[in-house]
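Student: build me a structure from this.
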Amino acid sequence: MMSFSLIVGAAACFGLLYLKYNSVPPEKRDRSKPKQRLKTARLLIVALLALLAVGYKLESTSRALSGDKSHEATWLETIALSR
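Tutor: Okay, here's the model as predicted:
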């Protein structure tokens, strides 16, 4: 599960992007080309995956430092590790 701080961080990043986009007057905005939209979509997907990876790593590090028992393998981990 993602922690509250990661969700707030992601919301803040998307909020700043939205505010930056809205700060430019509509007549001065460049019309985005399909290629530019694809690049932006890729960038956002990579950023989201990086955020999830960092969140997972922080969660597992926190669990290891606190001395909690190893968690049960999720169905995805079971599938990935069974091969």
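Student: switch to C-alpha atoms for all contacts and neighbour counts from now on
Tutor: Noted.
Student: ok, which stretches of this structure are helices?
Tutor: Counting by DSSP state H, the chain has helices at residues 4-23, 34-66, 75-81.
Student: centre of the chain to the first one, how far?
Tutor: Going back to what we said before, that points to helix 4-23. Averaging C-alpha positions (C-alpha atoms, centre = their mean, to the nearest Å) puts helix 4-23 12 Å from its chain's average.
Student: then the second one?
Tutor: Distance of helix 34-66 from the chain centroid (C-alpha atoms, centre = their mean) equals 4 Å.
Student: distance check, residue 28 against residue 44.
Tutor: Per C-alpha to C-alpha, to the nearest Å, residue 28 is found 23 Å from residue 44.
Student: higher neighbour count, those two?
Tutor: Using other C-alpha atoms under 10 Å, the more surrounded residue of residue 28 and residue 44 is residue 44, with 13 against 7.
Student: and the more buried one, how far from residue 10?
Tutor: 11 Å.
Student: now residue 53
Tutor: On the measure of C-alpha to C-alpha, residue 53 and residue 10 end up 13 Å apart.
Student: how about residue 34?
Tutor: Taking C-alpha to C-alpha, one finds residue 34 at 25 Å from residue 10.
Student: what does residue 52 give?
Tutor: Taking C-alpha to C-alpha, one finds residue 52 at 10 Å from residue 10.
Student: quick revisit: could the helices of the chain go into TSV alongside mean pLDDT?
Tutor: Formatted as TSV, these follow (pLDDT from 0 to 100):
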stretch	mean pLDDT
helix 4-23	83
helix 34-66	83
helix 75-81	77
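Student: give me the most central residue, this protein.
Tutor: For the chain, residue 48 is the residue whose C-alpha lies nearest the centre (C-alpha atoms, centre = their mean; 2.4 Å).
Student: most remote residue from this structure's center?
Tutor: Outermost in the chain, C-alpha atoms, centre = their mean: residue 27 at 31.5 Å.
Student: so what pLDDT did that residue get?
Tutor: On the pLDDT scale, residue 27 is placed at 80.
Student: tell me how far it lies from residue 15.
Tutor: 22 Å.
Student: what is the burial count for residue 31?
Tutor: Residues contacting residue 31 under the criterion other C-alpha under 10 Å number 9.
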